[in-house]
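J.: Have a look; sequence and predicted model below, questions after that.
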Amino acid sequence: MTDQEIVEQINISIAKEFELDQDTLTPETTLFEDMGLDSLDIVDLVIVLEAAFSFKIREEEAIRKIQTLGDIHTFVINKKREQENKA
Amino acid sequence: MKYDFVVIGAGVSGLTSALLLAKSGYHVAIVEKSDQISPLLRGFTRKGVHFDTGFHYTGGLGPGEPLDIIFRYLGLSDHLTTFHFSEQGFDIFRSIKDGFEFQFPTGYELIREKLVAGFPDEAKAVDTYLQMVRTVCASMPYLNIDIDFNETSLLQGLDDRTLQETLDALTANKHLKALLSMHCVLYGVPPGEVSFSQHACIVGNYYQSAMGIRGGGLSLAKAFDVRLKDLGIDVYCGSMVSEILLSPEGAVSGVKLANGTELACSGCMSTIHPVTMLDLLPEETFRSAYSNRLRDLKETLSAYMIYAVSDRAIPFLAGSNLFVFPDVDDLSNMGVRPLEQNLLYLTAAYKGTESEPMGFIGISPASFEQTAAWKNSTTGRRPDDYRVFKDDVITRLKCHIDSYCPELRGTMTYTEASTPLSVRDYNNTPLGGLYGIKHMVGQRNPFPVTKVKGLFLAGQAIVSPGIMGAALSAFISCGNILGHDRLRKELRACS
């Protein structure tokens, strides 16, 4: 997957599962203010990403630092690259 | 009639929640679809012998231990007579393949002593393992009421290792590993799936002490009955909640029963299966991410169970349960093996409050798939071919028991059985999970708090299974309403 494909996949999954308009999603979109998520939603977000990219997320610290959709893009791209390097 | 809280489901988590809320002065109702509260705890009686279905024994009920403190706080203890399982061997481990047998004791010191005597080269592994279990238990706010309360991490378990990974890192001794993971039968998740911390929270209580209640789960159900009356809790039995009602702002405003009655309330504690709870709310209540997450949760193992009446006493099971393992090597695919190659758990059944067992219960893990052909049938109305199947299960279980438990040979004068279908219908778990939804590494179970104002969750799915897990889930959920510090302070006063 290219970085662009990963970003698109993330946006599609998040828009669908959190019932958001995909056109409004940009890397600057904030999770808590713009997307209206709260701490209860973070686990749902982790599960959506795991299902979309077939990996398991165990890095609690990295997830806690996520503030924007762009942070999610970077997190998943890094994780995918890590996975490819291991393979 | 307007209630502060309506509790859905009168199992241990629902009953505990109702008592906690009422003790704090809230006006509480509890709704249960069966004719009496806590049907699973009550079990049933055949030929004068009482068979427990929801409670066999528990850890942590010794004087001053977590469940003892909880029972005293709830006012249940005065109505219960408890007894200790054998300190030298509350659970007997028996491996068929190589004849290995071990009597698992209670008390950390005795456990260490017996394990090191049995495995002299493994003293370091034994010490490390027991210390790890103690550390986990000591860090849990309701298992250790003396520590500071930290809001449990919302991402708990993300970096957790499985029990299997943990044991593999400690020792290569397969017998020792089998002994330290045998109790996975008590929560229905294989060692390769359960997190070490979840395992530790459960077994740590049994390592302290293993106790039974005279008269079994029925005595506990009766104790709850008394306390519900004492605290003026309205009980609606034989009633099913068909809808959780929401205000225009989306907060809980009441529940509607199947007979049309509406109970107005400002809070609702749902202790039923989380997926069943979803069906009580309008579809758009939760975002798909949450609904899908709940629908994807995997259940614990199901089981075949045999209930045997004996014409003579069975002292062998008076203070010990027997765990028969076909082979110590592999506990990973417990649910899918043929019955004859599967493990078997045996526990005593008594006449009333007598102390000599006059029967026993045998439980063998199984998967719902094995009975899926009859999934559209209901209790009491199963087709003839199911009865043939069930008779075959009884014959095979009896044969299995005769082969590997010579102590019980010839004792079975009357038998009955249940299958994963019965478990589904009595446990109200869609796939017959013996312990509801499982707690495993990589699966994120729901939190007690939901996005709906006034709607809280408790039950096995939330914290852990068993009487202790269900009671703890009520404390953890109600702590969000009543304040954890206050609840824990009041518990400390009972310790």
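T.: Right, received. Where do you want to start? All values reported here derive from a predicted model rather than from experimental measurement.

J.: chain center to the helix or strand B:Leu487 falls within: distance?
T.: Under the criterion of DSSP states H and E, B:Leu487 resides in helix B:484-493. Averaging C-alpha positions (C-alpha atoms, centre = their mean, to the nearest Å) puts helix B:484-493 24 Å from its chain's average.

J.: List the buried residues in it.
T.: B:His484, B:Leu487, B:Arg488, B:Leu491 (16 or more other C-beta atoms under 10 Å in any protein chain shown). Glycine gets a C-beta too; all of them are placed from N, C-alpha and C.

J.: How about stretch B:17-34?
T.: Applying 16+ other C-beta under 10 Å to stretch B:17-34 flags B:17-24, B:26-34 as buried.

J.: likewise stretch B:241-254?
T.: For stretch B:241-254, burial by neighbour count (16+ other C-beta under 10 Å) applies to B:Val241, B:Ile244, B:Leu245, B:Leu246, B:Val252, B:Ser253, B:Gly254.

J.: How about exporting that stretch as PDB, limited to the C-alpha atoms?
T.: Extracted C-alpha coordinates of stretch B:241-254, given in PDB (Å, rounded to 0.1, in the frame of the first residue of the first chain):
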ATOM      1  CA  VAL B 241     -37.300  -5.300  29.200                       C
ATOM      2  CA  SER B 242     -38.200  -4.700  25.500                       C
ATOM      3  CA  GLU B 243     -36.900  -1.200  25.200                       C
ATOM      4  CA  ILE B 244     -34.700   1.300  27.000                       C
ATOM      5  CA  LEU B 245     -36.400   4.600  26.700                       C
ATOM      6  CA  LEU B 246     -34.500   7.800  25.900                       C
ATOM      7  CA  SER B 247     -35.400  11.500  26.400                       C
ATOM      8  CA  PRO B 248     -35.300  13.800  23.400                       C
ATOM      9  CA  GLU B 249     -31.800  14.800  24.600                       C
ATOM     10  CA  GLY B 250     -30.700  11.100  24.400                       C
ATOM     11  CA  ALA B 251     -30.500  10.400  28.100                       C
ATOM     12  CA  VAL B 252     -32.200   7.400  29.800                       C
ATOM     13  CA  SER B 253     -35.800   8.200  30.800                       C
ATOM     14  CA  GLY B 254     -37.200   4.700  31.500                       C
END
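
J.: Relative to chain B, how far out is the residue nearest the centre of chain A?
T.: Against the mean C-alpha coordinate of chain A, by C-alpha atoms, centre = their mean, the closest residue is A:Ile72 at 4.0 Å. Between A:Ile72 and chain B the computed distance is 14 Å (C-beta to the nearest C-beta, to the nearest Å).

J.: Look at that residue and give its secondary structure.
T.: Classification of A:Ile72 by DSSP: H, G, I helix; E, B strand; the rest coil places it in helix.

J.: any idea how far stretch B:443-452 is from the chain center?
T.: Distance, stretch centre to chain centre, for stretch B:443-452: 19 Å (C-alpha atoms, centre = their mean).

J.: ditto for stretch B:113-133
T.: Relative to its chain's centre, stretch B:113-133 lies at 27 Å (C-alpha atoms, centre = their mean).

J.: end-to-end on it?
T.: Using C-alpha to C-alpha, to the nearest Å, one end of stretch B:113-133 lies 16 Å from the other.

J.: For that stretch, give the mean pLDDT please.
T.: Per-region confidence: stretch B:113-133 scores 98 on mean pLDDT.
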